[in-house]
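K.L.:
Prediction below, plus the sequence it came from.
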Amino acid sequence: MIGALLYVLVFLTACAAALPLGFALFGKRHAAGWIAGALFGYGLTAMVLWGVVQAGFPSAAAFIAAEALLAASCWGLLRRAGPWIDLPRWTRKDSLALLLVLLLVPALQITPFRRIGERDQTGARRYRAYFTADFLWHVALTSELSKFTSPPRNPYLARRPLHYYWSYFVLPAVIVGLAPVLPDIQSHLLVNAACAGLLFVAAIYITAWCVVPRAGPTAAAVACVLLAASAEGSYALWDTWSRGRPLASLRSLNIDAITAWWFNTLTIDSLPRALWYTPQHAMACALALIAMIVVARAGTARPAAAVLAGVALGLALAFSPFLGGSFAVIFGLASAWRAMRSREIRQILVHALAVIPVALVGLWCLAAGTFEGARGAVVIGLSQRAAAAPVSLAALALGPVIALALTAFALRTWRSWPLPTPIIGVCTGLFLLYFVTLTLEPVWVGWRAGQIILVLVPALVASGFAALVDGGRRPLAIAAAVVALALGLPTTVIDAWNAQDVSNTDEAAGFRWTVVMSGDSQAAAEWIRRNTPHAAIVQMSIGPRRRESWTLLPTFAERRMAAGRPISLLQSAEYDELSDIADQIFRAADPAEAARIAHSLRIDYLFVDEVERSAFEAAALAKFDASPAFSPVFRRGSAAVYAVN
């Protein structure tokens, strides 16, 4: 508990460094100023800390000095600036509504997070499958960043630099690398995700509130979108009942991906999944929403406000390139729309200043290689996956919130809409969903486009609720919210249950729902972590592990591999080629041949546990004990570690 509190203090310190930027935009007496300032602080802290690593001075003194310089610059230059954006008055009622919405974050996170890596009676640790695809990869990524190598290496292909948008993970990586306050990297990331989740939901709330400054309608809208965006759970319940199957069968469904599993179309992750699995994308959305407020509420465009909007978009680009770039497009479209409506072309020119920080961050991303691997993979045109079931995709994945948004359109004329930015944003998200494809991972665009829709649609839903209340139809507004919750809440309830269910070890499509890491494998990984150099290359077999323990060594031993098949990175032929070569080390009967391959891949240690013992002949594995080319350095039960001589 003390360690968690210390980490929260570090997180708050990072957020506080740039609070004056939020105050300059929205004022220190407005919640928007504090939320925006905290987001600026987290994002700029990540960039500043990694700048120290890139400069080659990764020390505690250098990190503290860089953070102090950031804070001094913000507080010294902008302490009395603004507010540059006029917002409606914030009241205690608004604060209470925001607090009630924020309570949903720990309610959704606490049980799934508490059961990550839960130990069973045998001492094995259990992980729900989707946490192995994202969270355990994030542990490996944070471990790599904590080595302070610039550029960071790919832990699954040690000969290559890492091409991934890793800025969100810099703060926990620096704490882990310098002075860890919690027992392991997993604990650091969970506390960081809890804090980031609060900022994410707060940003969604404040964005909707800035469009419809009404506490009740806005809180109801955000709660509906957060808890009841998808009707897939209701559809699955109906299907289960109609086919006479037991409710227990729902444990073996990816409930928020029914559109993909049953209709072979795209899938959209509801917002709780952003809180559980992808905090880096959630923070990118939160940062970009600052810019959405600026372009929505800027009656007369101010150059300084436009630049800060660009900083927010640039940080979003660093945290998640696709989301940052998409929100930059939305910002441009909204700016153009406002300028044409007001016939003030100067607004476009002023808002164009936002391009400068976005371009600078884009150049940094190119230099860091975070975009590499996706070039030429984006195709514009009707998505074949979306076209497979276009109506079912929208009706199931977004049905309840689309119905509420359409209700708002029915109640208001175009000219009566408070602000058009959410409409432009939602339409852009729908365009991306149906007309943009990432060829290397077709379903990925659905996840990101869905996030854009879901973080902006609360403003439309709140507008509908407000129109009903203002028209004297409050009971109808309540009824609409209840119906939406009835349709959408089953998805969230089932998904939350499954996310924490580490007792289900049934087979799914090529993986088990719960991955179990034995006590022997844990002990071997811990020995490697404590007794080998940070830059050591440790290799296990790849093919036999499939999609389950694919990240065992980078995550638990915190060491790089010469070859691997990372399911969370864009695939390339090199992963497969080197993985096949690495597996020959374990398959070969000749120890000299195995040693030759290990030396060619610059492998320092080999890892063996029950997976290798089940996949390869005992005689082939016996060479590691019998040949002088290898030295056994650790053994416990089925797990062993061998040094390559």
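P.N.:
All right, it came through fine.
K.L.:
What segments of this protein are strands?
P.N.:
118-119, 125-128, 153-154, 157-161, 378-380, 436-438, 514-517, 538-539, 605-608, 630-636, 639-644 (DSSP state E).
K.L.:
Out of those strands, which one sits most buried?
P.N.:
Of all these, strand 538-539 has the most neighbours on average by mean count of other CB atoms under 10 Å, namely a mean of 28. Quick note: C-beta positions are derived from backbone N, CA and C, even for glycine.
K.L.:
Could you list every helix and strand that that one packs against?
P.N.:
On a contact count with 3 or more CB pairs under 8 Å, 6 or more residues apart in numbering; DSSP states H and E, strand 538-539 meets strand 605-608.
K.L.:
and if we set it to 10 Å?
P.N.:
helix 519-531, helix 573-587, strand 605-608, strand 639-644 (3 or more CB pairs under 10 Å, 6 or more residues apart in numbering; DSSP states H and E).
K.L.:
distance between the third one and the chain's centre?
P.N.:
Spelled out, it's strand 605-608. 31 Å (CA atoms, centre = their mean, to the nearest Å).
K.L.:
same deal with the first one?
P.N.:
The chain centre lies 28 Å from the centre of helix 519-531; the measure is CA atoms, centre = their mean.
K.L.:
on contacts alone, who are the packing partners of that helix?
P.N.:
Here helix 519-531 touches strand 125-128, strand 538-539, helix 552, strand 605-608, helix 610-615, strand 630-636, strand 639-644, going by 3+ CB pairs under 10 Å, 6+ apart.
K.L.:
Tabulate the ones you listed in a markdown table, adding columns for distance to residue 69 and mean pLDDT.
P.N.:
A markdown table is the format used below for those (distance: least, CB to CB, whole Å; pLDDT from 0 to 100):
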| stretch | distance to residue 69 | mean pLDDT |
| --- | --- | --- |
| strand 125-128 | 40 | 93 |
| strand 538-539 | 38 | 97 |
| helix 552 | 40 | 94 |
| strand 605-608 | 41 | 97 |
| helix 610-615 | 48 | 94 |
| strand 630-636 | 45 | 95 |
| strand 639-644 | 44 | 96 |
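K.L.:
about what we covered before: possible to save the strands of the chain as JSON lines with distance to residue 508?
P.N.:
Output for those, formatted as JSON lines (distance: least, CB to CB, whole Å):
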{"stretch": "strand 118-119", "distance to residue 508": "19"}
{"stretch": "strand 125-128", "distance to residue 508": "11"}
{"stretch": "strand 153-154", "distance to residue 508": "27"}
{"stretch": "strand 157-161", "distance to residue 508": "27"}
{"stretch": "strand 378-380", "distance to residue 508": "29"}
{"stretch": "strand 436-438", "distance to residue 508": "23"}
{"stretch": "strand 514-517", "distance to residue 508": "10"}
{"stretch": "strand 538-539", "distance to residue 508": "27"}
{"stretch": "strand 605-608", "distance to residue 508": "26"}
{"stretch": "strand 630-636", "distance to residue 508": "30"}
{"stretch": "strand 639-644", "distance to residue 508": "26"}
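K.L.:
so which of those comes closest to residue 255?
P.N.:
Minimum separation from residue 255 across those (CB to CB) falls at strand 125-128, 12.9 Å.
K.L.:
Report all helices and strands that that closest one contacts.
P.N.:
Contacts defined by 3+ CB pairs under 10 Å, 6+ apart place strand 125-128 against strand 118-119, helix 135-145, helix 474-500, strand 514-517, helix 519-531.
K.L.:
Quickly compare the ones you listed and say which is most buried.
P.N.:
Across the helices and strands packed on strand 125-128, averaging neighbours per residue (mean count of other CB under 10 Å) puts helix 135-145 on top, at a mean of 25.
K.L.:
Tell me which of the helices and strands packed on helix 519-531 lies nearest to residue 495.
P.N.:
It's strand 125-128; of the helices and strands packed on helix 519-531, that one is closest to residue 495 (CB to CB) at 10.9 Å.
K.L.:
List the residues that contact the residue most central in space within the chain.
P.N.:
Centroid-nearest residue in the chain, with CA atoms, centre = their mean: residue 278, separated by 2.1 Å. Applying CB atoms under 10 Å, 6 or more residues apart in numbering to residue 278 gives the contacts 134, 135, 138, 168, 193, 269, 284, 285, 320, 447, 448, 451.
K.L.:
how about 7 Å then?
P.N.:
Listed by CB atoms under 7 Å, 6 or more residues apart in numbering, the contact set of residue 278 reads residue 134.
K.L.:
could you redo the helices and strands packed on strand 538-539 as a markdown table and give each row distance to residue 21?
P.N.:
Listed next are the helices and strands packed on strand 538-539 as a markdown table, based on distance: least, CB to CB, whole Å:
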| stretch | distance to residue 21 |
| --- | --- |
| helix 519-531 | 39 |
| helix 573-587 | 41 |
| strand 605-608 | 47 |
| strand 639-644 | 49 |
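K.L.:
And the pLDDT for the closest residue to residue 539 other than its chain neighbours?
P.N.:
Counting by CB to CB, 6 or more residues apart in numbering, residue 539 lies nearest to residue 603, which is 4.7 Å off, once chain neighbours are set aside. pLDDT, residue 603: 96.
K.L.:
Same check on residue 420?
P.N.:
Residue 420 is given a pLDDT of 81.
K.L.:
how many neighbours does residue 6 have?
P.N.:
If you count neighbours by other CB atoms under 10 Å, residue 6 ends up with 15.
K.L.:
Isn't it up against residue 180?
P.N.:
No. With contact defined as CB atoms under 7 Å, residue 6 does not count as touching residue 180 (10.0 Å).
K.L.:
just to revisit the earlier point, out of the helices and strands packed on strand 538-539, which comes closest to residue 487?
P.N.:
helix 573-587 (41.4 Å).
K.L.:
angle of that closest one against strand 630-636?
P.N.:
Relative orientation of helix 573-587 versus strand 630-636 (axes from the mean of the first three to the mean of the last three CA atoms, to 10 degrees): 90 degrees.
K.L.:
residues of helix 573-587 that come out buried?
P.N.:
Judged by neighbour count (16 or more other CB atoms under 10 Å), helix 573-587 contains these buried residues: 575, 578, 579, 582, 583, 585, 586, 587.
K.L.:
so that helix versus strand 157-161, what angle?
P.N.:
Counting by the same axes, to 10 degrees, helix 573-587 points 160 degrees away from the direction of strand 157-161.
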